[in-house]
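Novice: need a structure here:
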Amino acid sequence: RLMDYFSLSCIFQMDTTQESYLDLFPLDAIVYLTPDSENVLEDVDPSKVYVLGGLVDESIHKKLTLRRAREQSLQTARLPIREFMVKSTNTKNYHSETLAVNQVFDVLSTYYETRSWPAALKAGVSSGKGYVVPDAEIN
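Specialist: As a prediction, this is how the structure comes out:
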């Protein structure tokens, strides 16, 4: 089931509610984060509300969160994993840009504190996803 009720503001406030974010915030203030977006999140804007497009099950449903955001006419963005990380060599040849809600939160909160995508991605993206931040990128 799609989680419709997580929002993140840059002051590290996370609220849960049964109300829809569509009823709580203006459409132009909402950025729906989904790994399938073609838009890269370049910065965290304190005037925006970030909705973490997540699923409450273990299966991967390609583009489900992107479709949901488009149906609601929302801006979308994805974390800059491809831009700041490289695929690591692993025995399973497994690489995924799909993160759990807590991992996305860790990335966003670390980025907001450090203003460094490499540091934020290193902190929030587990090695099991098959991506690493090159050592030269960490400041």
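Novice: C-alpha only now, for contacts and for neighbours.
Specialist: Noted.
Novice: which parts of the chain are helices?
Specialist: Listed in chain order, the helices of the chain (DSSP state H) span 21-24, 64-71, 81-84, 101-114, 117-124.
Novice: ok, the nearest residue to residue 27 once chain neighbours are set aside - contacts?
Specialist: Computed as Cα to Cα, 6 or more residues apart in numbering, the closest residue to residue 27 that is not its neighbour in sequence is residue 74, at 6.4 Å. Listed by Cα atoms under 8 Å, 6 or more residues apart in numbering, the contact partners of residue 74 are 27, 28, 30, 31, 32.
Novice: next, format these as JSON lines and append pLDDT, neighbour count and distance to residue 130.
Specialist: Below are the contacts of residue 74 laid out as JSON lines (pLDDT from 0 to 100; neighbours: other Cα atoms under 10 Å; distance: Cα to Cα, whole Å):
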{"residue": "27", "pLDDT": "95", "neighbour count": "16", "distance to residue 130": "34"}
{"residue": "28", "pLDDT": "96", "neighbour count": "11", "distance to residue 130": "34"}
{"residue": "30", "pLDDT": "96", "neighbour count": "21", "distance to residue 130": "30"}
{"residue": "31", "pLDDT": "96", "neighbour count": "22", "distance to residue 130": "26"}
{"residue": "32", "pLDDT": "95", "neighbour count": "24", "distance to residue 130": "24"}
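Novice: okay, and which of these map to strands?
Specialist: Secondary structure of the contacts of residue 74 is defined by DSSP state E; positions in strands are 30, 31, 32.
Novice: before I go, just wanted to say thanks for your time.
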